[in-house]
Every structure is written in structure tokens, then in C-alpha cells.
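Participant: what follows is a predicted protein model with its sequence.
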Amino acid sequence: MKMQPVRSSKIYLIGYDEKTHKMRVSFRQNNIAEFCYVPKDVFSAFLNARSKNRFYKRHIQNSFPC
């Protein structure tokens, strides 16, 4: 899974595997969260969100458990 750096005060890297639909989020405080069955459009919207942290909290944080 290729991790991409993003502009965010809280989130450092975001990665997505199109084959397994797994997403990994690396935070600046060295925490890593993994999510399963994430639709590609949700990942794309996350990458393009103006506020990555706000999008994460609203649409990802409590969704897509592994």
C-alpha cells in the first residue's frame, strides 16, 4: 500500500489498496488506523477534502471497521 503525504495538522499520510479496499491513516502523533471495505470514492473525497481531519471525523473514524 502506497502512503501519500497530505496537508493536515493532524494527519500525516493516507494510503489505499484498491484490491482489498483497505485504507490506512497515519497521524502526526505516530498513531496508525486501518479501515476495511472503504469505497474508492470515499478515499478520493478524503484526499480532496479541504480539511482532512474534519472529513476523517465525519465520514471515516467510526465507519469501515476491520
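Facilitator: Nice, I can see it.

Participant: per-residue confidence for the residue at the greatest distance from the centre of the chain?
Facilitator: Distance from the C-alpha centroid of the chain peaks at Lys19, with 15.9 Å (Cα atoms, centre = their mean). For Lys19, the model assigns a pLDDT of 96.

Participant: so that it lines up with my notes, have the first residue be 500 from now on.
Facilitator: Sounds good: first residue 500 from here, last item Lys518.

Participant: doesn't it belong to a strand?
Facilitator: No - secondary structure of Lys518 (DSSP: H, G, I helix; E, B strand; the rest coil): coil, not part of a strand.

Participant: roughly how far does Glu517 sit from Arg506?
Facilitator: 23 Å (Cβ to Cβ, to the nearest Å). C-betas here are computed from N, CA, C, even on glycine.

Participant: what segments of this protein are helices?
Facilitator: Using DSSP state H, the helices of the chain run over 539-547, 551-554.

Participant: for those, which one ends up most surrounded?
Facilitator: helix 551-554 (a mean of 16; mean count of other Cβ atoms under 10 Å).

Participant: show me the strands in the chain, by range?
Facilitator: All strands of the chain, identified by DSSP state E, fall at 502-504, 510-516, 521-526, 531-534.

Participant: so which of the ones you listed comes closest to Lys551?
Facilitator: strand 510-516 (4.8 Å; Cβ to Cβ).

Participant: tilt between the closest one and helix 539-547?
Facilitator: Relative orientation of strand 510-516 and helix 539-547, computed by axes from the mean of the first three to the mean of the last three Cα atoms, to 10 degrees: 160 degrees.
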